[in-house]
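> All I have is the shape, not the residue letters:
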């Protein structure tokens, strides 16, 4: 799951209290915010000695036991809404940890029953909205949060969810100041993580580093998942800026906290592969595919097998990946538009990738969606369409190496080398590896 594992971000933030905080953010708008108080940054994750957490086996066994007991209790007394909601939340946590969409849906199913039994319960509606967002059902989530607000839901929690929904909708003019206000009003691990991700998305990498460390300094949860999730997010930031060795440090730290954490293992394997360390990457992917049926990892391992001459094993895994994507697209289409499109792009079915990314940009018309659509349009030989899409992304405040690299390729294809070179320079400034990370895709029927 992209920018999705716990990567695509439904548990964070809070909102604001003072007029001063509101005025500061309003004055700042989308400009560079005030950084955290200056101090020398660690530049690495805290060790288990510096930040002790529960051993992962104990933590996960407790989570499994909680789900087992709550399942029994809700089966015996389905009218007990507090148990139903607790079980739904536990399913959601474990589903996101494992990358298991079926288990996330189990949580939503429980909340469907909660809403039916107590339609005036604002918490039922709001919790369902939060979980629906995990499956990228953004319109349904927004409808549920609106209903929750009508019923008197916690305004802080509701605003937090609306902030994420606005981000996915590309409503940056409201999402960005809301993220800033949330952290100013209540500095927590989650609000600092969200602001760090925002700083990264705006190209403010030094501030992102400082914010991530501020988040780490506030962790008081003895469970290992919070710190492991933070380390994965920090690794993603490093990967996006071409600092793969640094990324591996954070991914390894997350794996050390929870050896079976799918997102941490997968990101580590991907970074190692990009560094040319294919033997270790292969070993990790071989362990990952024993933990999850996610077709993304079947495909990744198939590519590594193909590169090492294991043709039979590669072919079998690629077939499993293709079947897996087809099944998930039928069952959870909104959650799979992006992920499946990457598979189809990588395997040469650029037409199918384009179909999915057009649906994706309708679902969430934000910067990253338009960049992905532009890449697919370019791969299909639709350079003029690609320019329309990339111009929409360029007009938004979010920046990335992928954005500028895609713009460079489009302008080069359209015969404007000056603009192409200028965008390439901007891309390489953000990620010196971008040409390697995102090789050109030649349109069908064209020769390179």
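Looks like it arrived, so ask away. Given the structure is predicted, the values throughout are model-derived calculations rather than measurements.

> Below-threshold pLDDT in this protein: ranges please.
Residues of the chain that meet the criterion pLDDT under 70 lie in 1-38, 441-448.

> now the helices for the stretch 51-200 of the chain?
56-76, 81-98, 101-117, 122-134, 138-150, 155-168, 172-185, 189-201 (DSSP state H, counting those that start in this stretch).

> Name the residues of the longest one that are buried.
I take that to be helix 56-76. Within helix 56-76, the residues that count as buried by 16 or more other CB atoms under 10 Å are 56, 59-60, 63, 66-67, 70-71, 73-74. To be clear about C-beta, it is placed using only N, CA and C from the backbone, and glycine gets the same treatment.

> Including distance to residue 260, could the helices of the stretch 51-200 of the chain go into CSV?
Below are the helices of the stretch 51-200 of the chain laid out as CSV (distance: least, CB to CB, whole Å):
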stretch, distance to residue 260
helix 56-76, 7
helix 81-98, 8
helix 101-117, 15
helix 122-134, 20
helix 138-150, 29
helix 155-168, 27
helix 172-185, 31
helix 189-201, 22
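
> Can you say which of these is nearest to residue 286?
helix 81-98 (17.3 Å; CB to CB).

> who does that closest one touch, helix- and strand-wise?
Judged by 3 or more CB pairs under 8 Å, 6 or more residues apart in numbering; DSSP states H and E, the packing partners of helix 81-98 are helix 56-76, helix 101-117, helix 122-134.

> wait, which of those is closest to residue 383?
Taking the helices and strands packed on helix 81-98 one by one with CB to CB, helix 122-134 is closest: 34.2 Å.

> How about the contacts made by residue 110?
74, 84-85, 87-88, 91 (CB atoms under 8 Å, 6 or more residues apart in numbering).

> Go through those and name the one nearest residue 229.
Closest to residue 229, out of all of those and judged by CB to CB, is residue 91, at 17.5 Å.

> nearest residue to the closest one other than its sequence neighbours?
Nearest in space to residue 91, with sequence neighbours left out and distances taken as CB to CB, 6 or more residues apart in numbering, is residue 107 at 3.8 Å.

> got it, and residue 43?
Nearest residue to residue 43, sequence neighbours excluded (CB to CB, 6+ apart): residue 209, at 7.5 Å.

> Correct me if wrong: that neighbour contacts residue 41.
Yes: between residue 209 and residue 41 a contact is recorded at 5.7 Å, counting by CB atoms under 8 Å.

> So which of these two has more stuff around it?
residue 209 (21 against 13; other CB atoms under 10 Å).

> Quick one: list the elements packing against the helix or strand where that one lies.
Using DSSP states H and E, residue 209 sits in helix 205-217. When contacts are defined as 3+ CB pairs under 8 Å, 6+ apart, helix 205-217 packs onto helix 189-201, helix 224-240.

> Switch those helices over to a markdown table; also include distance to residue 262.
Listed next are the helices and strands packed on helix 205-217 as a markdown table, based on distance: least, CB to CB, whole Å:
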| stretch | distance to residue 262 |
| --- | --- |
| helix 189-201 | 19 |
| helix 224-240 | 10 |
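
> Same list (the ones you listed) but as CSV, adding distance to residue 430 and mean neighbour count.
Listed next are the helices and strands packed on helix 205-217 as CSV, based on distance: least, CB to CB, whole Å; neighbours: other CB atoms under 10 Å:
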stretch, distance to residue 430, mean neighbour count
helix 189-201, 10, 25
helix 224-240, 8, 24
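
> rewinding a little: which positions in the helix holding residue 209 come out as buried?
205, 207-216.

> show me the contacts for residue 77.
residue 83 are the contacts of residue 77 under CB under 8 Å, 6+ apart.

> Name the nearest residue to residue 364, sequence neighbours excluded.
Nearest non-adjacent residue to residue 364 (CB to CB, 6+ apart): residue 168, at 4.4 Å.

> Relative to residue 366, how far out is the one you found?
6 Å (CB to CB, to the nearest Å).

> Quick check: neighbours shared by those two?
The contact lists of residue 168 and residue 366 share no entry, where a contact means CB under 8 Å, 6+ apart.

> Residue 305 and residue 316 touch, don't they?
No: applying CB under 8 Å as the test, residue 305 and residue 316 come out as separate, 9.0 Å apart.

> which one of these two has more residues nearby?
Neighbour count, other CB under 10 Å: between residue 305 and residue 316, residue 305 has more, with 21 against 14.

> quick one, what contacts the residue lying closest to that one once chain neighbours are set aside?
Distances taken as CB to CB, 6+ apart place residue 314 nearest to residue 305, at 3.9 Å, with adjacent residues excluded. Counting by CB under 8 Å, 6+ apart, residue 314 touches 302-303, 305-306.

> now do 10 Å
With contact taken as CB atoms under 10 Å, 6 or more residues apart in numbering, residue 314 is in contact with 299, 301-308.

> And residue 433, by the same measure?
Contacts of residue 433 (CB under 10 Å, 6+ apart): 239, 241-244, 274-275, 401.

> Now intersect those with the helices, please.
239, 244, 274, 401 (DSSP state H).

> and which of the residues you listed is nearest to residue 431?
Nearest member of the ones in helices among the contacts of residue 433 to residue 431, counting by CB to CB, is residue 401, at 3.5 Å.

> Name the nearest residue to that closest one, ignoring sequence neighbours.
Closest to residue 401 by CB to CB, 6+ apart is residue 431, at 3.5 Å.

> quick one, phi psi at that neighbour?
phi -150, psi 100 (degrees, to the nearest 10).

> now residue 361
Dihedral angles for residue 361 - degrees, to the nearest 10 - are phi -70, psi -30.
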